[in-house]
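1. show me the folded form of this:
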Amino acid sequence: MNDNRLTWLLRHASKPRSLPSLIWKNIKRPLRGEQPPGAGYWNELGRALNERERYAEALTAFDKAVGITPDAAEFWNNRSNALRKLERLDEAEASVREALRLRPDFSNAHNVLGCVLS
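-> Sure, this is the predicted structure:
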């Protein structure tokens, strides 16, 4: 999904019931021109899309987050989760290993690696 389509969808969407208010606020704020979309925005958007089982779109958002802040282990781990759901296991393993390289004590990433390898 391209950025223009994603922006249009978010501008015209009401708050999904499954999303906590804080996440929805963080997603909508850049669309109102209050701040440019940063890595946190793309990560939150990816998490929201992941929750709605829109994994390919979530992966696009996580890729943008990683592109802006490549040293954030959480972003790499979230990217790995989306890849795992898309059954792209080699890429998922590489992403979660990058998360662990950045933060070796990241227990959630260790759990994701176990899921990817099983």
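2. tell me where the chain has helices.
-> For the chain, helices defined by DSSP state H occupy the ranges 3-12, 21-28, 39-51, 55-68, 73-85, 89-102, 107-117.
3. let me have those in CSV, adding mean pLDDT and mean neighbour count as columns.
-> To be clear about C-beta, it is placed using only N, CA and C from the backbone, and glycine gets the same treatment. Formatted as CSV, the entries for the helices of the chain read as follows, by pLDDT from 0 to 100; neighbours: other CB atoms under 10 Å:
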stretch, mean pLDDT, mean neighbour count
helix 3-12, 55, 11
helix 21-28, 55, 15
helix 39-51, 88, 21
helix 55-68, 94, 20
helix 73-85, 97, 24
helix 89-102, 97, 18
helix 107-117, 95, 16
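4. A99 contacts D71, correct?
-> No: applying CB atoms under 8 Å, one finds A99 not in contact with D71, separated by 10.5 Å.
5. for R54, grab phi and psi.
-> phi -110, psi 70 (degrees, to the nearest 10).
6. now do A72
-> According to degrees, to the nearest 10, A72 has phi -100, psi 110.
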